[in-house]
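Visitor: got a sequence here, can you model it:
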Amino acid sequence: MVRFRERVVERLAGYEGRLVGLARALHADPETAFGEVRAAERLGGLLEGAGFAVERGVAGLPTALTAVCGSGDLTVGVCAEYDALPGLGHACGHNVICAAGAGAAVGLSAVADELGLRVKLLGTPAEEEGGGKALMLEAGVFGDVTVAMMVHPGRADDVDPRSSTTAVARFEVVFTGRAAHAGLAPHLGVNAGDAAVVAQVAVGQLRQQLPDGYRVAGIVRHGGERTNIVPDRTVLEYEVRTPTAAELSVARERVLNCFRGAATATGCGVEVRATQPDYLDLRNDEWLMGAYARGLAAAGREVPAPPAGPRRLGASTDMGNVTHALPAIHPHLGLAGADADPHTPRFAELAGGAAADDAVRAGALAMAFAAVELACDPQRRAHYLALRG
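Guide: Below you'll find the model as predicted:
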């Protein structure tokens, strides 16, 4: 196994500048969900140059891609995200995810054929909103993948397989009423703005009755046109989070009843539309996470000891859907010296700095080393192949 790791390191050394350049280019040019045209092209171009067979527009998603090299019965899928946040850019560090994923794939290409290993990088758009991985799963893009992995930047390294995320449902609510002059004849109107207010109050009251770990959040995207017009249409966007996917449908129904009740109380019509597939809770594979932790240590990182109890993160990810379908991991990769959490302006700065450059290399090596360990372990290899049938 040592000689395979050495060859991975050698291959990555020749690509380090290009990988850091990819992360920095994405950081300087952020694109949001399903609009990651330049990011996908940069990623695809780098992998084509490394000898991968690249397919663009997979699953009917223009900014999704796959890149494959090597041959064998064991297919290691590496997920690469590259969407940014509106107004915050790469405040979740998806530029680092993308470059580290590309690096892991390129590193493995040096040993893939000898290990009987097929490497499949999956460029997965719209993680922040839209559920690119869930859509790709439904389309069968993960059907030939034996195990999958990715890394996500954060304050510190987290290799605890018990760490999980919440499940989340996101939806749009549209109230429709009847417009009228707010001063001359308000009694002739049906106020969709009132429906939005009643719904928000109802949700606020419901929160007290929800179990610990449940979350409900929302915004009013459209509340009317002018103060002198009784609004005939309002649009709200809401999300419901629960610790596990099994709890999500019941919690969502309770929240939707708040909107239905508001429509009844005000005489408005109401329509609800899911804005993305449900994100499921994360189920990290224990052995794969252990292999990743050993790879991270071999890459020069000091691997933290797991905490006393499991951690449930308040965030959600469509990688959770992947972990429900096949053995997969989603460890957190620390940006050295990070003093802020993702989804903040400060983290966006960190994701474009020297600590992010170092994380690209460490994450790429750790994932590649984990895949090498799996390929070299006959019993574990047979186990995962049997799981995937």
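Visitor: next up, the contacts around I229.
Guide: 179-182 (C-beta atoms under 8 Å, 6 or more residues apart in numbering). C-betas here are computed from N, CA, C, even on glycine.
Visitor: look up phi and psi at it.
Guide: phi -130, psi 120 (degrees, to the nearest 10).
Visitor: same check, this time on Y292
Guide: phi -60, psi -40.
Visitor: would you map the strands across the stretch 51-200 of the chain?
Guide: With DSSP state E, counting those that start in this stretch applied, the stretch 51-200 of the chain shows strands at 53-56, 65-70, 74-81, 117-124, 147-149, 152-154, 167-176, listed in chain order.
Visitor: one step back: what subset of the contacts of I229 is buried?
Guide: The neighbour count (16 or more other C-beta atoms under 10 Å) marks 179-180, 182 as buried among the contacts of I229.
Visitor: closest to G49 among these?
Guide: A179 (57.5 Å; C-beta to C-beta).
Visitor: now do the closest one, the pLDDT please.
Guide: In the predicted model, A179 carries a pLDDT score of 98.
Visitor: pretty sure it contacts V230?
Guide: Yes - the pair A179 / V230 is scored as a contact, 5.8 Å apart, by C-beta atoms under 8 Å.
Visitor: common neighbours of the two, please.
Guide: G189.
Visitor: burial measure for V198, as a count.
Guide: 21 (other C-beta atoms under 10 Å).
Visitor: check the gap between the closest residue to it other than its chain neighbours and G363 for me.
Guide: Using C-beta to C-beta, 6 or more residues apart in numbering and skipping residues adjacent in sequence, the residue nearest V198 is A262, 3.9 Å away. Distance, A262 to G363, by C-beta to C-beta, to the nearest Å: 46 Å.
Visitor: got it, and E41?
Guide: 22 Å.
Visitor: looking at those two, which is more packed in?
Guide: Per other C-beta under 10 Å, whichever of E41 and G363 has more neighbours is G363, with 30 against 13.
Visitor: I'd assumed that one was in a strand, is it?
Guide: No - the assignment for G363, made by DSSP: H, G, I helix; E, B strand; the rest coil, is helix rather than a strand.
Visitor: wait, what's in contact with the closest residue in space to H152 that isn't next to it in sequence?
Guide: Excluding the flanking residues, the one nearest H152 by C-beta to C-beta, 6+ apart is H332, at 5.4 Å. When contacts are counted by C-beta under 8 Å, 6+ apart, H332 touches 151-154, 156-158, 163.
Visitor: drop anything exposed from those.
Guide: 151-154, 157-158, 163.
Visitor: give me the element the residue nearest to V198 is part of.
Guide: Element membership for A262, per DSSP states H and E: helix 248-266.
Visitor: which elements pack onto that helix?
Guide: Under the contact criterion of 3 or more C-beta pairs under 8 Å, 6 or more residues apart in numbering; DSSP states H and E, helix 248-266 touches strand 167-176, helix 192-207, strand 233-242, strand 269-274.
Visitor: can you give me the buried ones in it?
Guide: 248, 251-252, 255-256, 258-259, 262-263, 266.
Visitor: now, the most widely separated pair of those residues?
Guide: Pairwise across these, and taking C-beta to C-beta, the largest span is found between L248 and T266, at 27.7 Å.
Visitor: what's the local residue count around the nearest residue to G35 once chain neighbours are set aside?
Guide: Distance criterion C-beta to C-beta, 6+ apart; nearest residue to G35, sequence neighbours excluded, is T63 at 7.1 Å. Residues within reach of T63, counting by other C-beta under 10 Å, total 25.
Visitor: one more: E6?
Guide: 12.
Visitor: what's the answer for P378, then?
Guide: Counted with other C-beta under 10 Å, P378 comes out at 8.
Visitor: gap between it and P161?
Guide: From P378 to P161 the distance is 22 Å (C-beta to C-beta).
Visitor: list the contacts of the nearest residue to A371 once chain neighbours are set aside.
Guide: Distances taken as C-beta to C-beta, 6+ apart place V76 nearest to A371, at 4.5 Å, with adjacent residues excluded. Counting by C-beta under 8 Å, 6+ apart, V76 makes contact with 108, 117-120, 145-149, 371, 374-375.
Visitor: mind doing that once more with 10 Å?
Guide: Applying C-beta atoms under 10 Å, 6 or more residues apart in numbering, we find V76 in contact with 70, 104-105, 108, 112, 115, 117-121, 145-149, 288, 367-368, 370-372, 374-375, 384.
Visitor: pLDDT score assigned to it?
Guide: 98.
Visitor: next one: the one 10 residues further on
Guide: The pLDDT attached to P86 in the predicted structure is 96.
Visitor: phi and psi next, for it.
Guide: phi -60, psi 130.
Visitor: what about L115, distance to V151?
Guide: 21 Å.
Visitor: now swap in L12 and tell me
Guide: L12 is 15 Å from V151, by C-beta to C-beta.
Visitor: grab the nearest non-local neighbour of L296.
Guide: A366 (4.0 Å).
Visitor: quick one: contacts for that neighbour?
Guide: Counted by C-beta under 10 Å, 6+ apart, A366 has contacts 100, 104, 149, 151, 157, 159, 291-301, 303, 331, 333.
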